[in-house]
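[1] Sequence first, predicted coordinates after that:
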Amino acid sequence: MTEEQEKFMEENVFPIISLAGESKSLAYEALRLAKEKKFDEAAQKMKEADEIILKSHEFQTNLITREADGEKIEITMLFVHAQDHLMTAMSEKNLIKEIISILEVK
């Protein structure tokens, strides 16, 4: 891997992975709190998860914009993993929100 590729990974790909993972962890923490009937705390954790996933999504959007502007973005397995990780985290977070809303009704 060239120095330029390493820099690209550090500045763009790794933040997508780490922020998405942090958001997903917060969402699962919110689910645990909701199962304990601590809905206010769960709501706060979900708010944090939303804010963090937005940061991860901003990195992704920046890359899409750069490519749309004509910059060649190298697609590596790590980049694909980052995209997969972000989309999975978003999906799980949305599902957890629905589960929490069901738990609140019970």
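    Arrived safely, thanks for sending.
[2] quick one: contacts for the closest residue to Ala20 other than its chain neighbours?
    What sits nearest to Ala20 in space, not counting adjacent residues and going by CB to CB, 6 or more residues apart in numbering, is Ala89, at 4.0 Å. The C-beta positions use only the backbone N, C-alpha and C, and glycine is treated the same way. By CB atoms under 8 Å, 6 or more residues apart in numbering, the contact set of Ala89 is Ala20, Gly21, Ser23, Lys24, Ala27, Ile53, Ser56.
[3] farthest-separated two in those residues?
    By the measure CB to CB, Ala27 and Ser56 form the most distant pair in the contacts of Ala89, at 12.7 Å.
[4] Phi and psi next, for the most centrally placed residue in the chain.
    Nearest to the mean C-alpha position of the chain, by CA atoms, centre = their mean, lies Ala20 at 2.5 Å. Phi and psi for Ala20, reported as degrees, to the nearest 10, are phi -60, psi -40.
[5] for the protein, what are the low-confidence residue spans?
    1 (pLDDT under 70).
[6] Which residue ranges of it form helices?
    With helices called from DSSP state H, the chain shows them at 3-8, 14-35, 39-68, 77-105.
[7] Deepest-packed of those helices, please.
    Counting by mean count of other CB atoms under 10 Å, helix 14-35 has the highest mean neighbour count of those, with a mean of 20.
[8] so what does it touch, helix or strand wise?
    helix 39-68, helix 77-105 (3 or more CB pairs under 8 Å, 6 or more residues apart in numbering; DSSP states H and E).
[9] can you list contacts of that helix?
    By CB under 8 Å, 6+ apart, helix 14-35 touches 39, 41-43, 45-46, 48-50, 52-53, 55-56, 59-60, 81-83, 85-86, 88-90, 92-93, 96-97, 99-100, 103-104.
[10] switch to 7 Å and redo it
    With contacts defined as CB atoms under 7 Å, 6 or more residues apart in numbering, helix 14-35 is touched by 41-42, 45-46, 48-49, 52-53, 55-56, 59-60, 81-82, 85-86, 89, 92-93, 96, 99-100, 103.
[11] coming back round to it: would you turn the helices and strands packed on helix 14-35 into TSV with distance to Ile16?
    Below are these laid out as TSV (distance: least, CB to CB, whole Å):
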stretch	distance to Ile16
helix 39-68	5
helix 77-105	4
